[in-house]
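Chemist: using only what follows, build the 3D model:
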Amino acid sequence: MARSITTGRFVRTESALAEIAERIIAEMVSEIRSNRKVVTGDLASSFNYSIDELELSIDSDVEYAGVQDRGYSGPMPPVGQIKRWAQLKGLRPRHLTGKKAGKFMSLDQFAFLAARKIGREGYPGINYVANAFLRVSDLIDRAIGEAYAQDIEEMLEQNITFK
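Modeler: This is a model prediction of the structure:
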């Protein structure tokens, strides 16, 4: 049996994949925003998709996309990144206990303490990818099935009926 795959022939299926990609991305952004995880907006605007030979790929060019999704456990993260996040967020951290209780601490102190705690206890992710996928899964089943069936029907009509 000879096999040949030509990209662009299954137009409806490619269109369904594009619709699915756009919905998944919209759901991921919605999930990120609903969890109040937007500081700069970089993550929410970083998602891209491509379709090549009926293969859908969705990615992000933001390095912390995986950490926001799955969380973090490992060594102490870089203090500089925590400090930058605190600055962008406009945090004014205070000491909670001891003689300095209630007084402001420097962002350097806060960033070190936060990074140390994340290194010890980890950081839970928000599972925005899995949650978005679950909300779109019905569309995936329906849209791909219908589009692929229509594309196959058209192919059969062109290859068999009109020869």
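Chemist: how is this structure divided into domains?
Modeler: Following the assignment in automatic domain parsing, the chain carries domains at 1-72+124-163, 74-121.
Chemist: what mean pLDDT does the shortest one have?
Modeler: Read that as domain 74-121. Across domain 74-121, pLDDT averages out at 92.
Chemist: the strands in this protein, which residues?
Modeler: Along the chain, counting by DSSP state E, strands occupy 47-52, 55-60, 71-72, 123-124.
Chemist: send the alpha carbons of stretch 41-55 over as CSV?
Modeler: Provided in CSV are the C-alpha atoms of stretch 41-55 (Å, rounded to 0.1, in the frame of the first residue of the first chain):
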residue,chain,number,x,y,z
GLY,A,41,0.8,40.5,30.6
ASP,A,42,3.8,38.8,28.9
LEU,A,43,2.6,35.3,29.6
ALA,A,44,-1.0,35.9,28.5
SER,A,45,0.2,37.4,25.2
SER,A,46,3.0,34.9,24.5
PHE,A,47,1.0,31.9,23.1
ASN,A,48,1.4,31.0,19.5
TYR,A,49,0.3,28.0,17.4
SER,A,50,1.3,26.4,14.1
ILE,A,51,-0.3,23.7,12.0
ASP,A,52,2.0,21.6,9.9
GLU,A,53,0.7,18.5,8.0
LEU,A,54,-2.3,18.3,10.3
GLU,A,55,-0.2,18.5,13.4
